[in-house]
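> below: sequence and its predicted model.
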Amino acid sequence: MKITRLHTYRVAPRWMFLKVETDEGISGWGEPVIEGRARTVEAAVHEFAEALVGRDPRDINDLWQTMYRSNFYRGGAILMSAIAGIDQALWDIKGKALGVPVYQLLGGKVRDRMKVYSWVGGDRPADIVEHMQRLMEGGFDTFKLNGTEEMTMLDSPRAVDAAVAKVAAVHEALGSQVSFGLDFHGRVAAPMAKRLLKELEPYKPLFVEEPVLAEQAEHYPRLAAATSIPLAAGERMYSRFEFKRVLQEGGISILQPDLSHAGGITECHKIAAMAEAYDVAFAPHCPLGPVALAACLQVDFTAWNAVLQEQSMGIHYNRDAELLDYVVNKDDFRIEGGYMRALPLPGLGVEIDEERVVHASRNAPDWRNPVWRHLDGSVAEW
Ligand SMILES: [Mg+2]
């Protein structure tokens, strides 16, 4: 079997699909993208294609190492996202060629169903309790919400009180009926992170995500020492080599690599195993589309330490398209009682509605995240 062509489709809301075709009629799908820089990743995918066309797609390990090591410069958000989407498509092809789901190729399932959570609120959250109650009717009991809006390096007690009041309101209305993680989104710098974590502790959040930016990772062990709240991070780390440092330094209880950013299934399967060796949980980041989610689930079902799966149904970023709009086998993605089953089809387990993807790619928006500014006019982290 030989790879013949790589075709990319940028689509709403902010995703990109990759179709890898072979000379035997089997094709695989991947989702290589960095939100807001889809065209840059697309260019990287097509540069990698030079080394892939003509090769056997089943040689995933060698193709991965070729993409990673054959260029002197490697790593980072763009290149690792391009590799991630290509890697997903290669696993999809291999599973389809052998007639088995990818989790079988990774050694088989360690669980019957996977816990998933849902986002509530948006960037500027309001009516969180009401939103949670609506999702609870569908069986969800675990959620994530943004912890704060923009926050300066030394913000006022008022800003801290506002963040805490939101969480207190959820706690008061729903108590132990729900669990929720809080995403600081890298909006909080170390001086305020310490204070916020302390004030949020009584409300027992399940975890706090990106308490500070990944590039300030040296603060994680110190912050963890000052709070009982489990700390989570990983969506802005792109390889084993970055996760290695975080695991060695300690402080993070939940690793959240993104299957579309951190080298795909090949790399994240290894990252999960590294985390297990450190007694660290695994909870893949996935605010993206159905191929990315399918890739996450393949790893979740084989990783003993996988505790939670993010998914983007109803997420505030999904304007003009929803998670399952481009999926034929929607029923396989059913969430029951807050859990998903392993996807039963061979390969990644997602059947893509190609016609719809082609159509949507004709006028795809170039999504950009908002640029926020503090009251003094300086740029704020979003
Ligand atoms: Mg996050």
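Great, that's in hand.
> count the residues that sit near the closest residue to the ion within the stretch 51-200 of the chain.
For the stretch 51-200 of the chain, the residue closest to the ion is residue 183, as judged by CB to the ion, at 4.4 Å. Placement of C-beta: from N, CA and C, glycine included. When counting by other CB atoms under 10 Å, one arrives at 21 neighbours for residue 183.
> please begin residue numbering at 14 from this point
Yes, from this point I'll number from 14; that puts the last item at residue 196.
> could you dump stretch 43-51 to CSV, C-alpha only?
Extracted C-alpha coordinates of stretch 43-51, given in CSV (Å, rounded to 0.1, in the frame of the first residue of the first chain):
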residue,chain,number,x,y,z
GLY,A,43,-6.9,13.5,10.5
GLU,A,44,-7.4,16.8,12.1
PRO,A,45,-4.2,18.9,12.0
VAL,A,46,-4.9,22.3,13.2
ILE,A,47,-3.9,25.1,15.6
GLU,A,48,-6.9,27.2,16.4
GLY,A,49,-6.4,30.5,14.7
ARG,A,50,-3.4,29.4,12.6
ALA,A,51,-5.1,26.8,10.3
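> what about that stretch, near the ion?
No. Taking CB under 5 Å from the ion as the criterion, stretch 43-51 and the ion are apart, separated by no less than 11.1 Å.
> need the nearest residue in space to the residue of the stretch 64-213 of the chain closest to the ion, chain neighbours excluded.
residue 222 (4.2 Å; CB to CB, 6 or more residues apart in numbering).
> list the buried residues of the longest helix belonging to the chain.
Of all segments of type helix in the chain, defined using DSSP state H, the longest is helix 89-111. By neighbour count with 16 or more other CB atoms under 10 Å, helix 89-111 contains the buried residues 90-110.
> so the residue of the stretch 64-213 of the chain closest to the ion bridges to which residues?
With beta bridges defined as DSSP bridges, residue 196 has these partners: residue 159, residue 222.
> if I pick it, what's in contact with it?
The contact partners of residue 196, by CB atoms under 8 Å, 6 or more residues apart in numbering, come to 157-160, 221-223.
> now residue 352
126-129.
> which helices and strands does the lowest-mean-pLDDT helix or strand in the chain pack with?
Lowest on mean pLDDT, DSSP states H and E among the helices and strands of the chain sits helix 141-150, with a mean of 91. Here helix 141-150 touches strand 155-159, helix 170-187, going by 3 or more CB pairs under 8 Å, 6 or more residues apart in numbering; DSSP states H and E.
> can you pull the residues of the stretch 214-363 of the chain lying near the ion?
residue 222.
> do that again at 6 Å, thanks
By CB under 6 Å from the ion, the residues of the stretch 214-363 of the chain that approach the ion are 222-223, 248.
> quick check, nearest of these to residue 212?
Using CB to CB, residue 222 comes nearest to residue 212 of these, at 16.9 Å.
> surely that closest one and residue 195 touch.
Yes. Between residue 222 and residue 195 there is a contact under CB atoms under 8 Å: 6.9 Å.
> shared neighbours of those two, which are they?
Applying CB under 8 Å, 6+ apart, one finds that residue 222 and residue 195 are jointly contacted by 157, 160.
> identify the bridge partners of the closest residue to the ion within the stretch 264-395 of the chain.
Using CB to the ion, the single residue of the stretch 264-395 of the chain nearest to the ion is residue 298, 6.4 Å away. Judged by DSSP bridges, the bridge partners of residue 298 are residue 271.
> ok, and the closest non-adjacent residue to residue 184?
Leaving aside its chain neighbours, residue 184 sits nearest to residue 216 (4.4 Å; criterion: CB to CB, 6+ apart).
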